[in-house]
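Asks: Okay, structure incoming, though there's no sequence with it:
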């Protein structure tokens, strides 16, 4: 079976640092793939290259059989790849519903000068998304008034409003209080599964990774060091030594699937 | 024809030298403070007016020919030394944290104010004081009688400014500090650099450069209201064509635009004012951030 | 986003304006000019929404005004001249806009200034066509085929401007609530986000830019038919500065701001510019600084604060 997203031989370097040095990565339809690795390894660079924000210096990216390497972000979005950000980038002058509605409009029909943004159709579609992400209660709040977890969810809801087939998320739980993170991930994953969306997420939190990822890819020094089910990869001694380090070894030692959070 | 062309080249060089003096101050201030000072053109105009006033006063004394040139420098130091710190402390220091639109509006408001300050002090009648040009006398270039002032002094001062500034920024400690602040304000502050002081110094120096440009321009043409706006727009064109914050680039594009303009003066006078902008637009169509600019610079 | 109802303040404003114009005949002229400038400022407001400020919109006022002056010998009626003025400004706005919409902030503001100053100098230098600084006189046109004597002409022009101001203000309000209008603050906040939504921020800005040029062209057309004389000064930077000034004075909060700002501005100018002809720009600059530093929401903001406080009282 052919992959939904297929990266081949991706290379990019900043100054002397090789963020990607021959990356091959296939993502299958409806798969949930976590990318882990040390800080500055190039994980976010992968998202940036796939969404057209950066152009790889070598290699190609194929989405659903067509080559999208080096296309501008706008065209890639239209083909069905959306992303969220490590630091949520909401429109600060708008409310939550307007933020999401802008994305709904962007997807369904944006070039209207004399029809309200929040017409009946767009409002209904927007509210459906807000409901799915549990955001109805903050619909009228301004983007600047939200807590970090809600901002993250709003950011992802906005990406989902574009009805993508593939969603790339940059650290969906970073900056979120640890008490909130599973709640957010549960909401998120349920919404993605309900819509049949394939997802790639960059993540530092190994508890989140082992609980929600179908597969883990380990990114280290511009290469994919290992790739496979969390239970296998997170117990691979090479991975533990090279990438994860002492702090999270502890969490990785937990029985896969037990789900209990270690402090 | 060749005579006209030679004349155009000579004029272009002298003019480019003046434009460069103003543009380099504009681009330096932008590079460090990240504020594009619309009132920079007013400093040029005020420098010119003060130089003309001092020049006229000096011409009445016994030491007239000796004073004619130093007076220009004194005018520039005076204007820069007074207006620079005043504007930076009272106005700009309040707006570094505000968004670009507000910064632009504030310096634009200052520009409106200074334009009328000139009118109130010096009136609207043309003022002309060319003692400095006369002091140096004429020179023959081929069949053309030209002024030593425009042929040697103006390009000489511009070249000295360029070389001196590059040396200063690259080789002296203060220069390195300024460059450090330009590249990363937070990191520089964390290292114990007093960014406020760097801003004040840079802005004052930039103001002096504009005023010196004006002072140097004053003996070559009469001063009328509106010289300030023409100069800010033109020096912006130079700076934009080079890329914001690019000092050597500004020298090159000042030459390009100065020569282009003076050729137009002789061969298509109706389009004299248009040529610099045509050059700018053509360059920006191919390179949106200027010849030497990069998107990162503009983004900040 | 539609905010509070503007019906009452609009009706009050219209009534006040007509009442004043009836009691003091010279005010008809002042108000017509104010409304014309208000239309241009409405365009500036659209750009301000996107966080962009143009220091060169007098260019489009001048394009509109000179279009009327050039066309007047062959076209005799206001109802034809105004669309011509708007059309010309729209075309120039599209051409310049294709270029300047690629830029933001400093470049956007200054490139607009540069274009307007080029146009100014062309108006001044191409004497054979424009009669240079002497300008061109405009013979009063007919309105809908009818020739009016002076007083009625002034009344009809005022009424027409008022109708256009109300109509276009209403349209602008609808526009600002549309996806396109709502994308403007998004450009101000986070432009790349629009790109990641598959929308070209440049094109969004271009639409507003062309609309703002058209509005300024309409204002210029009205100015030409009211002052009956056009000069290159219409394109000069001080005039662009005035438009920005009025926009900030009126406040970016609502579509009434530009007209409120313009009316106050023109009324004050009648007295102040006569009393201090050489300090007028200085006064404007000082007030502009004051508003930016201390009352960033302008006159409309002050009005909102006043009415809100009153409404909150028991």
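Replies: Perfect, thanks for sending it. All figures in this text were calculated on a predicted structure; none of them were measured in a lab. Numbers count the residues shown, from 1 in each chain, chains lettered A, B, ... in the order given.

Asks: What ranges in the chain fall below the confidence cut-off?
Replies: Assuming you mean chain A. A:1, A:243-263 (pLDDT under 70).

Asks: nope, chain C please
Replies: Looking at chain C by pLDDT under 70, you get C:1-4, C:252-253, C:296, C:308-314.

Asks: any idea which helix or strand carries the nearest residue to residue B:131 once chain neighbours are set aside?
Replies: Counting by C-beta to C-beta, 6 or more residues apart in numbering or on different chains, residue B:131 lies nearest to residue B:68, which is 4.2 Å off, once chain neighbours are set aside. C-beta: built from backbone N, CA, C; applies to glycine. Under the criterion of DSSP states H and E, residue B:68 resides in helix B:64-90.

Asks: For that helix, buried residues please.
Replies: Buried residues in helix B:64-90, counted by 16 or more other C-beta atoms under 10 Å in any protein chain shown: B:67-69, B:71-76, B:78-80, B:83-84, B:87-88.

Asks: show me the contacts for the closest residue to chain B within the stretch 101-250 of chain A.
Replies: In the stretch 101-250 of chain A, the residue that lies nearest chain B is residue A:144 (14.8 Å; C-beta to the nearest C-beta). Contact analysis of residue A:144 by C-beta atoms under 8 Å, 6 or more residues apart in numbering or on different chains lists residue A:92.

Asks: returning to that earlier point: is the residue nearest to residue B:131 in contact with residue B:60, as I believe?
Replies: No. Applying C-beta atoms under 8 Å, one finds residue B:68 not in contact with residue B:60, separated by 12.0 Å.

Asks: Tell me the helices and strands packed up against the longest helix along chain A.
Replies: Secondary structure of chain A per DSSP state H: the longest helix is helix A:178-194. On a contact count with 3 or more C-beta pairs under 8 Å, 6 or more residues apart in numbering or on different chains; DSSP states H and E, helix A:178-194 meets helix A:120-132, helix A:148-160, helix A:206-212.

Asks: how distant is the last one from the center of its chain?
Replies: It stands for helix A:206-212. Chain-centre distance of helix A:206-212: 14 Å, with C-alpha atoms, centre = their mean, to the nearest Å.

Asks: Tell me which other helices or strands it touches.
Replies: By 3+ C-beta pairs under 8 Å, 6+ apart, helix A:206-212 packs against strand A:32-36, helix A:178-194, helix A:230-233, helix A:245-252.

Asks: where's the helix or strand following that helix relative to the chain centroid, distance-wise?
Replies: Next helix or strand after helix A:206-212 toward the C-terminus (DSSP H and E): strand A:215-220. Offset of strand A:215-220 from its chain centre (C-alpha atoms, centre = their mean): 14 Å.

Asks: relative to strand A:32-36, how tilted is strand A:215-220?
Replies: Orientation check (axes from the mean of the first three to the mean of the last three C-alpha atoms, to 10 degrees): strand A:215-220 against strand A:32-36 gives 20 degrees.

Asks: Which other helices and strands does the helix or strand containing residue A:238 contact?
Replies: Residue A:238 belongs to helix A:237-239 when assigned by DSSP H and E. If you count contacts as 3+ C-beta pairs under 8 Å, 6+ apart, helix A:237-239 packs onto strand A:223-228.

Asks: The helix or strand hosting residue B:234 near chain C anywhere?
Replies: Following DSSP H and E, one finds residue B:234 within helix B:227-242. Yes. Judged by C-beta under 8 Å from any C-beta of the partner chain, helix B:227-242 comes into contact with chain C through B:229, B:230, B:233, B:236, B:237, B:240.

Asks: Tell me the buried residues in the following helix or strand past that helix?
Replies: Later in the chain than helix B:227-242, the nearest helix or strand by DSSP H and E is helix B:247-267. Buried positions in helix B:247-267, judged by neighbour count with 16+ other C-beta under 10 Å: B:247, B:249-266.

Asks: and the angle from the helix or strand just after helix B:247-267 to helix B:247-267?
Replies: Per DSSP H and E, the first helix or strand lying C-terminal to helix B:247-267 is helix B:275-286. Going by the same axes, to 10 degrees, helix B:275-286 is angled at 130 degrees with respect to helix B:247-267.
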